[in-house]
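Trainee: whatever this is, show me its structure:
(chains A and B)
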Amino acid sequence: AQSVTQPDIHITVSEGASLELRCNYSYGATPYLFWYVQSPGQGLQLLLKYFSGDTLVQGIKGFEAEFKRSQSSFNLRKPSVHWSDAAEYFCAVGVPNQGGKLIFGQGTELSVKP
Amino acid sequence: DARVTQTPRHKVTEMGQEVTMRCQPILGHNTVFWYRQTMMQGLELLAYFRNRAPLDDSGMPKDRFSAEMPDATLATLKIQPSEPRDSAVYFCASGRDYEQYFGPGTRLTVT
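Mentor: The predicted structure is shown next:
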């Protein structure tokens, strides 16, 4: 069965520092992969997605993610974090042949220090 | 800018009352999902539809929850009777081809 693991429950970075949020998935073939962000009191917003092709994908708000098949990972990165990036981040994998269903990780809460 | 809308945004009700939450998916999307989010359980998938047909509702307590899509512009989630443990934020999402777009949620408090 497909699963998604986000090893870090909470990460704190300084404003202006680089960021990497980890995501590992369990799936036998090339999955569909997603990152979502949730600000307090808001719904989840799609940051970026990977279906196939170039393994480095660009998203909104200056985020990017790299698919590494050998490591079953899809880590999210940003070169310079802004205070407004403080939020919860969810990695998700698409489940094939189940009508578009996604399996979400538990989320990583990002805090940004001034 | 097309968005998923949900009503009401907040609902406070007493235990035993019926609660109905509504969702208007983005026009042209063929899948609709209902999620529940709590601090303890995180994000849980309750039910979802494709082309208005229910695909899976195994995440819902069957005895009290029901989800329907009476037409392509409306999805509903009902709880009857409501219990304090149903207090949570309920999200609707619509999508195509695995991309899901979330609404702002309904924050439900059952006292």
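Trainee: how much space separates the residue in chain B positioned nearest to chain A from residue B:3?
Mentor: Closest to chain A within chain B is residue B:102: 3.6 Å, counting by Cβ to the nearest Cβ. In this view, the C-beta of every residue, glycine as well, is placed from N, C-alpha and C. Counting by Cβ to Cβ, to the nearest Å, the gap from residue B:102 to residue B:3 is 9 Å.
Trainee: with neighbour numbers in mind, choose between those two.
Mentor: Ranked by neighbour count (other Cβ atoms under 10 Å in any protein chain shown), residue B:102 and residue B:3 place residue B:102 first, with 23 against 14.
Trainee: name whatever forms a beta bridge with the more buried one.
Mentor: In this entry, residue B:102 is beta-bridged to residue B:93, by DSSP bridges.
Trainee: that one contacts residue B:89, correct?
Mentor: No. At 10.8 Å, residue B:102 does not count as touching residue B:89 under the criterion of Cβ atoms under 8 Å.
Trainee: tell me the SS of residue B:104?
Mentor: Here residue B:104 is coil, with the state taken from DSSP: H, G, I helix; E, B strand; the rest coil.
Trainee: identify the residues contacting the residue nearest to it when sequence neighbours are not counted.
Mentor: Nearest residue to residue B:104, sequence neighbours excluded (Cβ to Cβ, 6 or more residues apart in numbering or on different chains): residue A:43, at 5.0 Å. Shown in contact with residue A:43 (Cβ atoms under 8 Å, 6 or more residues apart in numbering or on different chains): B:4, B:91, B:93, B:102, B:103, B:104, B:105.
Trainee: please repeat the previous calculation with a cut-off of 6 Å.
Mentor: B:91, B:102, B:103, B:104, B:105 (Cβ atoms under 6 Å, 6 or more residues apart in numbering or on different chains).
Trainee: check it and give its pLDDT.
Mentor: On the pLDDT scale, residue A:43 is placed at 94.
Trainee: same question, residue B:5
Mentor: So, for residue B:5, pLDDT stands at 97.
Trainee: burial count for it?
Mentor: When neighbours are counted by other Cβ under 10 Å, residue B:5 registers 14.
Trainee: that one and residue A:55, how far apart?
Mentor: Going from residue B:5 to residue A:55 by Cβ to Cβ gives 36 Å.
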